[in-house]
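>>> output the structure for:
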Amino acid sequence: MLEFILAIILIVTMARVAVADSQSGVLWGCACLVITFLCFAIPIPFARVLVAGVLTWVAMIAYKIAFNK
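You can find the predicted model right below:
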């Protein structure tokens, strides 16, 4: 249960980071939701939420580099 709460906090945080960076919060929130859902296949509890956060952060940086935003 605690892991799901952390996942929700992660999704909201990444959406807020995107809005603060002049990007779409809904888009990055949904992307983080999908990445978090996929990371639940990792068998290590709590680390999967951390991995999802790092992957979303890297995707956000890669998007900014690729499209010069």
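>>> can you get me a residue count around residue 17?
16 (other CB atoms under 10 Å). Just so you know, the C-beta spots here come from the backbone N, C-alpha and C atoms, and that holds for glycine as well.
>>> in this structure it contacts residue 60, no?
Yes: using CB atoms under 8 Å, residue 17 is in contact with residue 60, at 7.4 Å.
>>> need the overlap of contacts for these two.
residue 28 (CB atoms under 8 Å, 6 or more residues apart in numbering).
>>> give me the residue ranges of this structure where confidence is low.
69 (pLDDT under 70).
>>> in which helix or strand would I find the residue nearest in space to the middle of it?
By CA atoms, centre = their mean, the chain has its centre lying nearest to residue 32, at 3.3 Å. Using DSSP states H and E, residue 32 sits within helix 25-39.
>>> which parts of that helix are buried?
Neighbour-count burial for helix 25-39 flags 25, 28-29, 31-33, 35-36, 39 (criterion: 16 or more other CB atoms under 10 Å).
>>> what sits up against it?
7, 10-12, 14-19, 48-49, 51-53, 55-56, 59-60.
>>> picking up where we left off before, can you list the buried residues of helix 25-39 in a markdown table and add distance to residue 66?
Formatted as a markdown table, these follow (distance: CB to CB, whole Å):
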| residue | distance to residue 66 |
| --- | --- |
| 25 | 19 |
| 28 | 15 |
| 29 | 20 |
| 31 | 14 |
| 32 | 18 |
| 33 | 22 |
| 35 | 17 |
| 36 | 22 |
| 39 | 22 |
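>>> from residue 43, how far out is residue 27?
29 Å (CB to CB, to the nearest Å).
>>> also residue 68?
From residue 68 to residue 43 the distance is 38 Å (CB to CB).
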